[in-house]
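Participant: A predicted structure for the sequence below; I have some questions about it.
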Amino acid sequence: MHAPQVPTADALPFRFRMRTRWSDDDALGVLNNAIYLTLCEEGRLRWCERLGLLAGATGFPFVLAASSLRFITPGRGGEEVEVQMGTTRLGRRSFDQAYRILRAEDGVVWAEAEATMVTWDAVGRVSAPMPSEFRAAILAHEPGLAKAD
């Protein structure tokens, strides 16, 4: 498994804040490892909402194909976090995103992650070409990707 290759903060245009729950700590008093992936998932949901990708949809128009996570500093429950994220690759049937999770109070980075999503035909249960509206919505919010495609 490779370590996530997360670009600098200025290349991660989407940000949101939320609070971890005190019950998110594990028996060692640090944020449970699964919570970091949940924060990335929450980021994808908010990203989809902002881009209008869920309007009229019955679910996400893609599935998670792979993820890689690197823990940097142990997080804690009951703290406000900032998730920085952005799309790093836009293909015909898939796209990659990078995430940085940090404590909002002082900017200490807790984790970095990458994920690959595959556009999905829920009826046929197979990967599908990325709809042009989907691609256009991403490029409208992350215009730097146009150069990479």
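Facilitator: Cool, the structure landed. Numbering: from 1, shown residues only.

Participant: give me the contact list for stretch 50-70.
Facilitator: 1-4, 14, 33, 36-37, 40-41, 44, 48, 94-95, 111-120, 122, 131, 134, 137-138, 140-141 (C-beta atoms under 8 Å, 6 or more residues apart in numbering). C-beta: built from backbone N, CA, C; applies to glycine.

Participant: first-to-last residue distance for it?
Facilitator: Start-to-end span of stretch 50-70 (C-alpha to C-alpha, to the nearest Å) is 27 Å.

Participant: show me the strands in this protein, by range?
Facilitator: With DSSP state E as the criterion, the chain has strands at 14-19, 62-71, 80-90, 94-103, 109-121, 126-127.

Participant: dump those strands into JSON lines; add mean pLDDT, distance to residue 54 and mean neighbour count as well.
Facilitator: Listed next are these as JSON lines, based on pLDDT from 0 to 100; distance: least, C-beta to C-beta, whole Å; neighbours: other C-beta atoms under 10 Å:
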{"stretch": "strand 14-19", "mean pLDDT": "95", "distance to residue 54": "15", "mean neighbour count": "14"}
{"stretch": "strand 62-71", "mean pLDDT": "95", "distance to residue 54": "11", "mean neighbour count": "16"}
{"stretch": "strand 80-90", "mean pLDDT": "96", "distance to residue 54": "16", "mean neighbour count": "20"}
{"stretch": "strand 94-103", "mean pLDDT": "97", "distance to residue 54": "16", "mean neighbour count": "21"}
{"stretch": "strand 109-121", "mean pLDDT": "95", "distance to residue 54": "14", "mean neighbour count": "20"}
{"stretch": "strand 126-127", "mean pLDDT": "94", "distance to residue 54": "19", "mean neighbour count": "13"}
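
Participant: good, wrapping up.
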